[in-house]
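**Q** Curious how this folds, go ahead:
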Amino acid sequence: MISTAPRAVDHGATVVGAFTLLLFGFAQGREIQRVSVDLFVVTVQVVFLEAISSMAVFTGFVAITGLLLVREVWTSRDTIEPVTDGPRLTAIVPVYRDHAVMDESVESLRESTYENLEIVVVAEPNDEATLKRARELAAANERVQCLINGNPGSKAGAINYAVRETGAEYIAVFDADERVTPEFLSRGMSAVLEDADVFQGRRIPRPTGVIETIAYCERIVFHASYKIVELSGFANCRSSSTVLTREAFERVDGYDDVLTEDLDFAHACYREGLTVEQARQCTNTMEAPHTLRDLWGQRKRWRVGQIEVLHATLIELLRGRLGRRGLISIGRMCSSLLGCLFTLALTSKLLLLFVLDVESAFLLPAAILVGTVALVAWRDTRDGRIDGLSWTVVLAPLLYPAFGILTLKSLLGYGLSWDGTWYEVEKTGS
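**A** All right, here's what the predicted structure looks like:
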């Protein structure tokens with residue numbers, strides 16, 4: 001249990017930190033910048049606020065990353081030729097308190113077009129309701145088997161245990177609430193049978209309501225922001241919607257027992273030099289958080305997990321165990337955190353421009369962002385992944401300052417009050 005004193009310090013430090021970043025951004029945004037242009041006989045000097053150039057750079061970032069994401073999502077899935085049969089593939093579904101939702105993944109996996117498939121549900125020994133449902137599914141379907149996690153307590157432990165016990169040579173990993181498209185595994189196996197070590201699809205929240213639409217938009221904003229980093233060769237392979245070889249799994253020593261084992265796994269794969277084929281046109285869906293509290297708690301858990309992974313990687317650096325790719329890995333995590341903090345400074349610059357009646361500074365990037373969401377959602381709707389969006393899609397631009405507050409609070413909380421516990425989102429099966 002976290003005592004009240006560290007929590008109070010955590011909250012107070014977040015307020016002070018946010019105010020400091022906003023004040024810094026406001027002061028920086030008021031600075032005058034001058035650009036001189038020589039036009040033969042005359043020299044023209046353009047004078048403008050730094051806030052305008054910052055918003056111009058931000059608008060360019062939103063436009064470029066949005067276009068890259070839209071291009072990838074709209075790329076034809078036929079670029080990856082599916083295979084319907086081949087070596088044995090083991091689809092692993094770790095479950096904990098998931099008795100209400102686990103049918104989503106198991107039933108959708110049973111409809112897979114890849115024939116030589118076994119589905120392994122890994123349940124925790126102290127979770128009777130989920131264990132009972134897992135055994136019922138295994139009894140009713142010959143493709144499904146139930147394992148009791150011999151290394152209980154974490155998703156990473158469940159995956160590692162299943163790989164060890166089944167002797168799987170080809171592995172796929174999914175969350176309990178995922179709806180997996182029938183052709184997903186066929187395309188994933190095609191990629192790893194060719195030359196990829198890991199195949200990573202896209203997983204999106206199902207936008208079934210007001211809060212769920214915000215969660216969907218938040219994933220699009222994050223997927224777009226990844227595109228710049230991916231140009232350097234870094235790919236975000238995870239512990240869901242993922243297909244990989246046993247050789248790749250063993251090269252990174254499986255999944256580590258940390259708060260965000262998937263992020264840790266992605267960086268481990270990058271440092272090891274594994275080939276990851278990212279295919280966001282191959283899309284599965286998951287249950288979205290249904291309340292703002294759950295949405296905040298889940299995203300904060302992911303952000304604290306990123307800080308935990310960064311902390312562990314920095315320790316490895318100090319011990320002299322990282323090479324060039326390790327340094328790039330650290331740079332990737334630092335840039336993500338600093339970029340989110342930058343959005344707070346950017347917010348105060350935007351407010352300054354509002355005061356000066358420069359509304360276009362907000363309207364242009366907001367329109368680009370909402371347009372990006374609309375184009376991605378159009379594709380997802382056309383493919384039958386979602387049924388449409390709520391009106392809260394117009395709130396998508398507010399996600400950027402929210403990222404800043406979330407990152408600041410996570411950084412301070414990790415150092416001041418985090419005791420290793422993590423937030424669990426309620427899943428209802430909707």
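
**Q** Longest helix in the chain, please.
**A** Ranked by residue count under DSSP state H, the longest helix found in the chain is helix 324-355.

**Q** got the angle between the very next helix or strand once past it and helix 324-355?
**A** The C-terminal neighbour of helix 324-355 among helices and strands, as given by DSSP states H and E, is helix 360-382. Relative orientation of helix 360-382 versus helix 324-355 (axes from the mean of the first three to the mean of the last three C-alpha atoms, to 10 degrees): 120 degrees.

**Q** List the buried residues of helix 360-382.
**A** Burial within helix 360-382, assessed by neighbour count using 16 or more other C-beta atoms under 10 Å, is assigned to 361-362, 364-366, 368-370, 372-373, 375-377, 379-380. In this view, the C-beta of every residue, glycine as well, is placed from N, C-alpha and C.

**Q** for stretch 143-157, same thing?
**A** Neighbour count says stretch 143-157 has 143-149, 152, 154-157 buried, by 16+ other C-beta under 10 Å.

**Q** In helices, which of the residues you listed appear?
**A** 155-157.

**Q** ok, and what's touching stretch 289-297?
**A** Under the criterion C-beta atoms under 8 Å, 6 or more residues apart in numbering, residues 205, 209, 211-212, 214-215, 218, 288, 298, 406, 423, 425-426, 428, 430 lie in contact with stretch 289-297.

**Q** please redo it, this time with the cut-off set to 6 Å
**A** Contacting residues not belonging to stretch 289-297 are listed as 211, 215, 298, 423, 425 [C-beta atoms under 6 Å, 6 or more residues apart in numbering].

**Q** Let me have those in a markdown table, adding pLDDT, neighbour count and distance to residue 64 as columns.
**A** A markdown table is the format used below for the contacts of stretch 289-297 (pLDDT from 0 to 100; neighbours: other C-beta atoms under 10 Å; distance: C-beta to C-beta, whole Å):
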| residue | pLDDT | neighbour count | distance to residue 64 |
| --- | --- | --- | --- |
| 211 | 97 | 20 | 29 |
| 215 | 97 | 25 | 24 |
| 298 | 94 | 18 | 28 |
| 423 | 81 | 14 | 33 |
| 425 | 86 | 17 | 32 |
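
**Q** Please name the two of those that end up farthest apart in the structure.
**A** Pairwise distances across those (C-beta to C-beta) peak at 15.5 Å, for the pair 211 and 423.

**Q** can you pull the contacts of residue 262?
**A** 238-239.

**Q** Would you mark the buried spots in the host helix or strand of it?
**A** Here residue 262 sits within helix 261-272, counting by DSSP H and E. Going by neighbour count (16+ other C-beta under 10 Å), the buried part of helix 261-272 is 261-271.

**Q** ok, which stretches of the stretch 201-350 of the chain are helices?
**A** In the stretch 201-350 of the chain, the segments counted as helices under DSSP state H, counting those that start in this stretch are 210-230, 246-251, 261-272, 292-318, 324-355.

**Q** which of these is buried the deepest?
**A** helix 261-272 (a mean of 22; mean count of other C-beta atoms under 10 Å).

**Q** Now it: average pLDDT?
**A** For helix 261-272, mean pLDDT is 95.

**Q** Check whether residue 340 really touches residue 405, as I assumed.
**A** No: counting by C-beta atoms under 6 Å, residue 340 sits too far from residue 405 to count as a contact (9.0 Å).

**Q** picking up where we left off before, now for the buried residues of stretch 143-157: which two are most distant?
**A** Maximum pairwise distance among those (C-beta to C-beta): 25.8 Å, between 143 and 154.

**Q** that older thread, and which of the buried residues of helix 360-382 is nearest residue 119?
**A** residue 380 (25.1 Å).

**Q** ok, and the closest non-adjacent residue to that closest one?
**A** Nearest non-adjacent residue to residue 380, counting by C-beta to C-beta, 6 or more residues apart in numbering: residue 386, 4.7 Å away.

**Q** List the neighbouring strands of the helix or strand of the chain with the lowest mean pLDDT plus their orientation.
**A** When each helix and strand of the chain is scored by mean pLDDT, DSSP states H and E, strand 42-49 comes last, with a mean of 77. Paired with strand 42-49 in the same sheet, following DSSP bridges, are strand 32-39 (antiparallel).

**Q** Flag every buried residue along the partner strand.
**A** Per 16+ other C-beta under 10 Å, strand 32-39 contains no buried residues.

**Q** One more: stretch 64-79?
**A** Neighbour-count burial for stretch 64-79 [16+ other C-beta under 10 Å]: 65-70, 72-73, 77.

**Q** contacting residues around it?
**A** Applying C-beta under 6 Å, 6+ apart, the contact partners of stretch 64-79 are 223-225, 227-228, 280-282, 368, 372, 375-376, 379.

**Q** Now render these as JSON lines, adding distance to residue 410 and pLDDT.
**A** Shown next, in JSON lines, are the contacts of stretch 64-79 (distance: C-beta to C-beta, whole Å; pLDDT from 0 to 100):
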{"residue": "223", "distance to residue 410": "20", "pLDDT": "93"}
{"residue": "224", "distance to residue 410": "21", "pLDDT": "94"}
{"residue": "225", "distance to residue 410": "16", "pLDDT": "91"}
{"residue": "227", "distance to residue 410": "23", "pLDDT": "89"}
{"residue": "228", "distance to residue 410": "22", "pLDDT": "85"}
{"residue": "280", "distance to residue 410": "26", "pLDDT": "93"}
{"residue": "281", "distance to residue 410": "31", "pLDDT": "93"}
{"residue": "282", "distance to residue 410": "30", "pLDDT": "95"}
{"residue": "368", "distance to residue 410": "27", "pLDDT": "96"}
{"residue": "372", "distance to residue 410": "25", "pLDDT": "97"}
{"residue": "375", "distance to residue 410": "30", "pLDDT": "98"}
{"residue": "376", "distance to residue 410": "26", "pLDDT": "98"}
{"residue": "379", "distance to residue 410": "31", "pLDDT": "96"}
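
**Q** What is the most widely separated pair among these?
**A** It's 282 and 368 that sit farthest apart of the contacts of stretch 64-79, by C-beta to C-beta, at 25.5 Å.

**Q** List the buried residues for the longest strand along the chain?
**A** Determined from DSSP state E, the single longest strand within the chain is strand 276-286. Residues 276-286 are the ones in strand 276-286 that count as buried (16+ other C-beta under 10 Å).
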